[in-house]
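Participant: What follows is a predicted protein model with its sequence.
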2 protein chains.
Amino acid sequence: MKGEVRIDISARHVHLNKESVDILFGKDYVLTEKKKIAVGALANERLTLVGPKKEISNVGILLPLRKETQVEISMTDSYALGVAAPVRLSGDVANSAGIVLVGPAGRLELKEGVIVAKRHLHIGPGLAAKYGLTDADSVKIRVESQERSVVYEDVCVRICKPGKNEEIPSVHLDTDEGNAAGIKGSAEGIMIIE
Amino acid sequence: MKGEVRIDISARHVHLNKESVDILFGKDYVLTEKKKIAVGALANERLTLVGPKKEISNVGILLPLRKETQVEISMTDSYALGVAAPVRLSGDVANSAGIVLVGPAGRLELKEGVIVAKRHLHIGPGLAAKYGLTDADSVKIRVESQERSVVYEDVCVRICKPGKNEEIPSVHLDTDEGNAAGIKGSAEGIMIIE
């Protein structure tokens, strides 16, 4: 079976909890919203990632705050920074890589929390039922581009709350994955269910 | 039809001509060989790429020298540097992106020569004939990995001189493409001819 999907490329970003904000930006600092995005909002504030090999500055922070601080980078970033970030679904950070976060008020040494996001697809329960998909299933996504079309396998299905992504599923890829197909920002693709 | 291939990931690198070496390293400087690689040799010397947005230092130089100076970067690099490098086969640099190269003896402003290498496959003429492939054909390459298997379409066939890549074709991907399948350095893959 096949169906249309929308593909969005996630740049490297950080999710923070309250304790991390206190350390990086100062006690009870409240991050400010720059713009709404599909998965929440992007903050005006930025952070620097400091790895053993390199620093990457100007890294975006996603809102709202979470229970766990988590850093999502591309594999290109992981080699540049010198951290061995595993490919994981968001939230699955046990024994992932560590890193140092630097903000205007302080420095936070994370023992774990750095991952390369496993590619995934958000789909509403109604639409998922139509396709016969359940949470954690794998699908393939094909993206046609002029110079470098790609079929991404192992795209993990995440069933959303009812009402979200019921018309078209939303696929999240990182920048390496997007670049491998020449996608900048977003694209359309075809879901292949075998 | 299907067949095995070897996949090698090309990190960003520079090809220089004699005139560029003279400017960057000094008149009649001879670059020295650090190690042999499949496509020639890597020099001990390194260069810095300076784009409008960022610099990237410690960039490798491939030997032997060529007639035309050419810079091959990933799409991740092109966004970081701030240069609009097109996806092109090696040598096809007309109206490609410009950049500034900086070496120990000088600075070279390239008006064009910066590309994102189009993925391609080197195959000997004997093996190509077996598969019914001719130069500039397109094939697909599938790479199976634990977390992120990929099928790369639009892989351009390049027929080598007789005697090279007659046992197994060699596929060249850039780091973004390799990372999209979790490949570090090299991997095995399957060529799919349709």
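Facilitator: All right, it came through fine. Residues are numbered from 1 along each chain as shown, chains lettered A, B, ... in the order given.

Participant: Run through the strands of chain A in chain order.
Facilitator: A:2-10, A:13-15, A:33-37, A:40-50, A:55-63, A:70-72, A:87-88, A:97-102, A:107-117, A:120-123, A:138-143, A:150-159, A:170-174, A:186-192 (DSSP state E).

Participant: ok, the shortest one near chain B or not?
Facilitator: I take that to be strand A:87-88. Yes. For strand A:87-88, a contact with chain B is found by C-beta under 8 Å from any C-beta of the partner chain, at residue A:87. Placement of C-beta: from N, CA and C, glycine included.

Participant: how about a markdown table for the strands of chain A, with mean neighbour count and mean pLDDT added?
Facilitator: Shown next, in a markdown table, are these (neighbours: other C-beta atoms under 10 Å in any protein chain shown; pLDDT from 0 to 100):
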| stretch | mean neighbour count | mean pLDDT |
| --- | --- | --- |
| strand A:2-10 | 18 | 97 |
| strand A:13-15 | 22 | 98 |
| strand A:33-37 | 12 | 96 |
| strand A:40-50 | 18 | 97 |
| strand A:55-63 | 17 | 98 |
| strand A:70-72 | 25 | 98 |
| strand A:87-88 | 20 | 98 |
| strand A:97-102 | 20 | 98 |
| strand A:107-117 | 19 | 98 |
| strand A:120-123 | 24 | 98 |
| strand A:138-143 | 20 | 98 |
| strand A:150-159 | 22 | 98 |
| strand A:170-174 | 25 | 98 |
| strand A:186-192 | 18 | 97 |
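
Participant: So which of those strands is nearest residue B:98?
Facilitator: strand A:55-63 (24.3 Å; C-beta to C-beta).

Participant: Quick check: neighbours of that closest one in the sheet, parallel or antiparallel?
Facilitator: Strand pairing for strand A:55-63, determined by DSSP bridges: strand A:13-15 (parallel), strand A:40-50 (antiparallel).

Participant: need those strands in JSON lines with distance to residue A:136, can you?
Facilitator: As requested, the strands paired with strand A:55-63 are exported to JSON lines (distance: least, C-beta to C-beta, whole Å):
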{"stretch": "strand A:13-15", "distance to residue A:136": "21"}
{"stretch": "strand A:40-50", "distance to residue A:136": "23"}
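
Participant: Which one, of the strands of chain A, ends up nearest to residue B:68?
Facilitator: Closest to residue B:68 of these, according to C-beta to C-beta: strand A:150-159, at 29.4 Å.

Participant: what's the angle between that closest one and strand A:170-174?
Facilitator: Put simply, strand A:150-159 runs at 120 degrees to strand A:170-174, going by axes from the mean of the first three to the mean of the last three C-alpha atoms, to 10 degrees.

Participant: now for strand A:150-159, which elements pack on it?
Facilitator: strand A:120-123, helix A:125-131, strand A:138-143, strand A:170-174, helix A:175-180, strand B:150-159 (3 or more C-beta pairs under 8 Å, 6 or more residues apart in numbering or on different chains; DSSP states H and E).

Participant: can you do 6 Å?
Facilitator: Contact here means 3 or more C-beta pairs under 6 Å, 6 or more residues apart in numbering or on different chains; DSSP states H and E; on that basis strand A:150-159 packs against strand A:120-123, strand A:138-143.

Participant: Need the pLDDT of the closest residue to residue A:180 other than its chain neighbours.
Facilitator: Excluding its sequence neighbours, the residue lying closest to residue A:180 (C-beta to C-beta, 6 or more residues apart in numbering or on different chains) is residue B:180, at 3.8 Å. pLDDT recorded at residue B:180 is 98.
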